[in-house]
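Asker: dropping the sequence and predicted coords here.
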Amino acid sequence: MDKSILELHDLLKRGKITSEELVKEALRKSHEVEQKYNAFVTICDDAKEIKVTDSLVSGIPFGVKDNYSTKDVLSTGSSNTLKNYVPFYTATVVQKLLDAGAVMVNKTALDEFGMGGTGTTCHTGPVLNPWDKTRMCAGSSAGSACAVASGVYPFALGSDTGDSIRKPAAFCGIVGYKPTYGMLSRYGLFPFASSLDHCGVLTRSVIDAAIVTDIMKGIDKNDMTSWDSSNIHLKEALTGDIKGKKLFYIKEICDITNYPNATAELKSHLKNYFHTLELLKEEGAEVEEVSIDQNLLNAIPSVYVVISCAEATSNMSNLTGIIFGPRSEEKNVFKMMKDHRTIGFSPLIKRRFVIGSYVLQKENQERYFKNAERVRRLIVDKMKELFKEYDALILPVSSGPAKKFDEDKDVIDENTNVLEEHLQIGNFGGFPSITIPNGFVNNLPVGINITGNCYDDENILNIAYTLESKMPYKGQIAKEVQ
Amino acid sequence: MKKQVATIGIEMHCELKSNSKVFSSAKNAYSETPNMNIAPIDMAFPGTLPVVNKKCVEDALKASIILNCNQPEYLVFDRKNYYYPDLPKGYQITQMTEPIGINGKIEIEVGEEIIPVYIHDIHLEEDSASLDHFFDTSNIDYNRSGIPLLELVTEPCFHSAEETSAFIEHMIRVYRYLGISDADTKKGQIRCDVNVSIADEDSNELGIKVETKNINSIGGVIGTINYEIERQTKLKEEGRYSEIVQETRRWDEESATTIRMRSKVDAIDYKYFIEPNIPKFKVNEEWLKKIKASIPRLHLERKQDYIKNYGLSSYDAEVLIKEKDVSDYFEECLKLGIEAKSASNWITTQILGYINKNNIAIHDLYLTPLKLKELIGELNKGTISSKQAKEIFIKANEEKKEIKAFLSKDNAQLSDKEELTKIILEILANNQAQIEEYKNGRTNIFDYFVGQVMKQTRGKANPVLTKEILTEKLK
Amino acid sequence: MNKFTKEMVDDYAEKLLIGLTDEENKLVLDEFEAIDKSIDLINKIPNIAEIEPMTHALDDFTYELRKDIAEPSIPIEDALRNAGKTDGREIEVPKVVD
């Protein structure tokens, strides 16, 4: 199970292994990882092998983040409000994988409804980092990142509203990719913030991310924001040739001089990052430094919080315990609804709802919500302007490796810095964005992110693929270092 | 106290007709069986998304065009957020930022007068689920959840219940003529919120407005307005105007009064924001042109036309335009060359009488305008009497048989001269005494002979021809 | 600066049908202060009010509206299978009174 999709497909085709063996192994590994790292909400012990076809994923096990609707399989969003919810329909992207013959073996834990970046607010408890159990995986796709990094299967579905695929991928030493907004249907994904939510995948190599996305993508009559991508062929686009490509990084984020109190960890993280940029140049790509208005960058976290909380508070208004979810015994219908929500939601989510509601109030909307949406446009316009000249933006993920559990960063405080939050730019503009492993800092994995213009997924993946090939981290499996 | 003038504005909700709901593919239909017509999003199952129905948008645009509104450059929907057990998503998808029509104006007839009505906006939205209340529980039926609603908001431009109800009736006809709704108040397809305020006759400012919500009959609207004017005027007269507050009331049919629901202080902030799951949709000129071209002539235009160009009475014209189907039938008759007054007479008397009695729609009538033309043709030729024509009309419809079938020997007038002459000669031969009397000057005995012929032919002898032959043979 | 108060936070929570503990309330207040400061920065961006708010991830998007075709309803068993209380074909709740 530590192999890539292509390797597994080849072994299956040649009869060296069977789908049954793979499924059994994935289930065994799931129980092991569950015990060690608490990564799952549900393990599908009744998962059955599937006939191997020409589809590359046929017969191969995979995991699904628990905020995807899966027919007849518990789907909780890692929230107590849906702790007993068993859907009658399957999300479009999951269905496409099932139709291609992939075998779903578990549902992975996440920060409740994706609203967190730590992997600690799942109703089943925190997910531990498979490299170091005293650390977080980051989130919200914590369980998926942990499972793929641990070698339970070659790929798992995630979702990404701020950086929820790309950050845990970095902290777990794997690949995390969210395609252009609308390339993957969101039908069946429990919404967090609809204008920022992306489906995506966590894998151990760029080519696996391309293979899985090629299968999942496509216009969906159930999602008006999806579009026809039949002329995009991600796997075929991985040529390894990036001569003449132009990339840029943002001075205000990457330059060590921005951080007068930088820790040794941060210093080595940035040094490592700049070293990797050299590898791109070796392949004939150009990498340039670009300066962006610091005020605009500083606004990113607030813009994200305001917009995502506002949309979330509305998106989760259906959670009242009337049609689904555990029902309160209250005799007054409104108290019954309130009880369900008060008991069901974790404190973090409740706080975000209140913020979201506040910024949408009639008297506050201009100052908070609409201005946040305006700055979102300013940031996106700036990026689109740069994408006219450059193929991609390349940045380090986070300020270093995974955080310790006692360094909870989810309370929004004034010190939140752009280095931690810049991946949200990718969600603001619906840009394709991929994180790949970028070696180690203090023996823990760190990531590097490549983000490009909308619809330019082939180009972005090819750059990531080429860079990946220059480094020895492709396909790596987590080894506990502590 | 100075004379008081009432100012009234309304919000009128109309259920649109379509195959599927406005944001889901579930069937848009009333059903006695609960939860029969449901798509996952109608119950807000997690992960479901709205998908906009093109027909509903086009129908809403038709109404927007008819009301002479400005149409937006982009179609945009908003979420109206509030918690209620009949609202599964916790928000209603509606239009606030860019309604499908704004700043409209139309003219309507109120009695003999024509008055302008100003439209604030018209927008497309979805209905909520429905609740059935029992002793200590309520049941939720999601059939109605997601059914398309068109909400029309007027400026405060009416000054009486009469004007307001005339407008509602006008709009009901408009919706029916456009074919976008049955606009049946009995089925709850029309619901109104009414704002009433009063002010001194010479005042430039409006008084405090009081809103009465969810009135589902025109009678209720009239009752509400009259009651509110009376209530508010009385309070003002008594020097208690301060007791009139901006609030929401409801119409109580039984007591014929309005009852307070909540004050403005408890007003909900709906936290509107643009629905992110529905991308902006360009409303291009070409599309609008196509929609415009599909709009039929409406009732008022037709009425004027019938009076001016076809010489019908105002009364008959009104009867003809009351229902679009009837008016369409009439216009089809005109197209076929049936004389207008004749067509009008047939429709207003025979046809409407028949379809009302048998409870069928005019377009389901067996006797189509083409067949009606044939029938009128026979009548004009004199082959049948007008009494026979009426009988054939009913028989043809009931038996669903061609007109010809009823023109057979049995039914048709006996107009064959030779045959009739033969019968007459026979009768004359058997009535020699009467011939003598006739020839001796008792000319009124002529009618006796006619009667005998009719008796012999069971009334089918062509009376004109009979008289002609008799006169000749009795010479 | 008492721009945000405990009562205000409780009021907003109540409208969302959510109960907050005192501790949660305090955390919201702290976050409000932080966001508000950052929003102050945003509000200082020149001509901010003239920018069109960005409401969708992609706004260069063309697509077709759905054709008006009705599809079969979901089965009643599916509609009701997760509901806490049902009555026949309907979901039952404590009596809703205005």
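Answerer: Here it is on my side, so go on. Nothing here was measured: the structure is a model prediction, and the numbers come from that model.

Asker: for chain A, give the residue positioned nearest to chain B.
Answerer: Chain A approaches chain B most closely through A:Ser317 (2.2 Å), counting by Cβ to the nearest Cβ. (Glycine included, C-beta is placed from N, CA and C.)

Asker: can you give me every residue that contacts that residue?
Answerer: B:81, B:83, B:89-91 (Cβ atoms under 8 Å, 6 or more residues apart in numbering or on different chains).

Asker: hmm, 6 Å instead?
Answerer: For A:Ser317, the contacting residues are B:90-91, by Cβ atoms under 6 Å, 6 or more residues apart in numbering or on different chains.

Asker: ditto for A:Asn459
Answerer: Here A:Asn459 is in contact with A:391, A:452 (Cβ under 6 Å, 6+ apart).

Asker: element containing it?
Answerer: helix A:457-469 (DSSP states H and E).

Asker: same check, this time on B:Ile427
Answerer: Per DSSP H and E: helix B:417-429 holds B:Ile427.

Asker: so what touches that helix?
Answerer: B:414, B:452, B:456, B:465, B:469.

Asker: how close does the spatially most central residue of chain A get to A:Ala209?
Answerer: The centre of chain A sits closest to A:Ile165, judged by Cα atoms, centre = their mean, with a distance of 1.2 Å. Separation of A:Ile165 from A:Ala209 (Cβ to Cβ, to the nearest Å): 10 Å.

Asker: where does the stretch 251-400 of chain B dip in pLDDT?
Answerer: In the prediction, the stretch 251-400 of chain B carries residues with pLDDT under 70 at positions B:264-266.

Asker: let's see that with 80 instead.
Answerer: Within the stretch 251-400 of chain B, the segments meeting pLDDT under 80 span B:262-267, B:382-383.

Asker: and the residue of it that's closest to chain C?
Answerer: For the stretch 251-400 of chain B, Cβ to the nearest Cβ, closest residue to chain C: B:Ile274, 4.2 Å.

Asker: number of residues surrounding the closest residue to that residue other than its chain neighbours?
Answerer: With sequence-adjacent residues excluded and distances taken as Cβ to Cβ, 6 or more residues apart in numbering or on different chains, B:Ile274 is closest to C:Thr55, at 4.2 Å. Neighbour count of C:Thr55, defined by other Cβ atoms under 10 Å in any protein chain shown: 21.

Asker: again with B:Ala340
Answerer: 16.

Asker: how far away is it from B:Leu320?
Answerer: 10 Å.

Asker: helix or strand right after the host helix or strand of B:Asn226?
Answerer: Taking DSSP H and E as the criterion, B:Asn226 maps to helix B:218-237. Counting by DSSP H and E, the element after helix B:218-237 in chain order, helix or strand, is strand B:247-252.

Asker: B:His123 belongs to a helix?
Answerer: No: counting by DSSP: H, G, I helix; E, B strand; the rest coil, B:His123 is not part of a helix but strand.

Asker: report the contact partners of A:Phe371.
Answerer: Slight slip there: residue A:371 is Asn, not Phe. Shown in contact with A:Asn371 (Cβ under 6 Å, 6+ apart): C:42, C:48.

Asker: you'd agree it is in a strand?
Answerer: No: counting by three-state DSSP, A:Asn371 falls outside a strand, being helix.

Asker: so what pLDDT did it get?
Answerer: A:Asn371 carries a pLDDT score of 96 in this model.

Asker: quickly note the distance from it to B:Thr421.
Answerer: Counting by Cβ to Cβ - A:Asn371 and B:Thr421 are separated by 102 Å.
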